[in-house]
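> just a sequence and a predicted model for now, questions to come.
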Amino acid sequence: MKKLPASFYQRENILQIAKELLGKVLVTNWNGKVTSGRIVELEAYNGIIDRASHAFGGRRTNRTEIMYAHGGVAYVYLCYGIHHLFNVVTHSKDVPHAILIRAIEPIEGIAEMLVRTRKKKADYTLTKGPGNVAKALGIVTAHSGYSLRSKELFIADDGFVVSAKQLMSTARIGVDYAGDDALLPYRFYLKDNLYVSGKLK
DNA sequence: GAGTAGATCCTCT
DNA sequence: GAGGATCTACTCA
């Protein structure tokens, strides 16, 4: 397990980063409770030219300020008053690129995830969907701005290789308000993975 | 199995 | 004062 270097996040091509982030392992370690999971679904938000992004048009507010930081930190925000959504900030300073982690496949600390999500048994709903990912990993808005190379929160490479056959891309979910930009194929996921959100087939 | 309402609160206008 | 990068549970069939 190797933590991804800062240089991984600070590249310019967010789609390239998004593809490479698939299959990596997201780990949290709050108060000694380790939970981790493999990233199986995510969406890219392509900065100021992306209508679906909070930073569209260069909007800069207290909330989105984190997106303008250098790559390699977390951007967490509250949606619908209930769900914490975890994003990875990429690119260099002042370019608000971010990648939303939509689903992971649990690896470590499943018992702890069950407690956090108040579920009775572990199934594919445990970490399916962005709201559940943050909940299972214990990520809340207070962690926004947190480094992804810290002791408590990081993304690592455990040698898992995503084959070209598994790599799927589609339009993003839940961004109908974004007009034509909602159609961009910026959502990436691993084919046939149970934890991928959206319609079950 | 499909469709929809309700939860619930921070952020920006 | 409105609405959102969502999820769950409940209804109805």
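Received the coordinates, thanks.
> tell me if the top strand by length along chain A is near DNA strand C.
With DSSP state E applied, the strand covering the greatest number of residues in chain A is identified as strand A:33-46. Yes: using C-beta under 7 Å from any atom of the strand, strand A:33-46 reaches DNA strand C at A:43, A:45. All C-beta spots, glycine's among them, are computed from the backbone N, C-alpha and C.
> show me which positions of the next helix or strand after that strand end up buried.
On the C-terminal side of strand A:33-46, the closest following helix or strand by DSSP states H and E is strand A:74-79. Of the residues in strand A:74-79, those buried by neighbour count under the rule 16 or more other C-beta atoms under 10 Å are A:74, A:75, A:76, A:77.
> any chance of these in JSON lines, with pLDDT and distance to residue A:66 too?
Supplementary listing: the buried residues of strand A:74-79 in JSON lines, determined by pLDDT from 0 to 100; distance: C-beta to C-beta, whole Å:
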{"residue": "A:74", "pLDDT": "97", "distance to residue A:66": "8"}
{"residue": "A:75", "pLDDT": "97", "distance to residue A:66": "5"}
{"residue": "A:76", "pLDDT": "97", "distance to residue A:66": "8"}
{"residue": "A:77", "pLDDT": "95", "distance to residue A:66": "9"}
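> check which helices and strands the longest strand of chain A sits against.
Other elements packing on strand A:33-46 under the criterion 3 or more C-beta pairs under 8 Å, 6 or more residues apart in numbering; DSSP states H and E are helix A:14-21, strand A:25-30, strand A:97-108, helix A:110-117, helix A:130-137, strand A:187-190.
> tell me which other helices or strands the fourth one touches.
When contacts are defined as 3+ C-beta pairs under 8 Å, 6+ apart, helix A:110-117 packs onto strand A:33-46, helix A:130-137.
> deepest of the ones you listed, which one?
Comparing the helices and strands packed on helix A:110-117 by mean neighbour count (mean count of other C-beta atoms under 10 Å), helix A:130-137 ranks first with a mean of 25.
> after that helix, next one along is what?
Reading on from helix A:130-137 to the C-terminus, the next helix or strand found by DSSP H and E is strand A:153-157.
> is it true that residue A:77 touches residue A:85?
Yes: proximity of residue A:77 to residue A:85 meets the contact threshold set by C-beta atoms under 8 Å, at 5.9 Å.
> contacting residues for the residue nearest the centre of chain A?
In chain A, the centroid-proximal residue (C-alpha atoms, centre = their mean) is residue A:101; its distance is 1.8 Å. For residue A:101, the contacting residues are A:26, A:39, A:41, A:42, A:86, A:87, A:88, A:130, A:133, taking C-beta atoms under 8 Å, 6 or more residues apart in numbering as the criterion.
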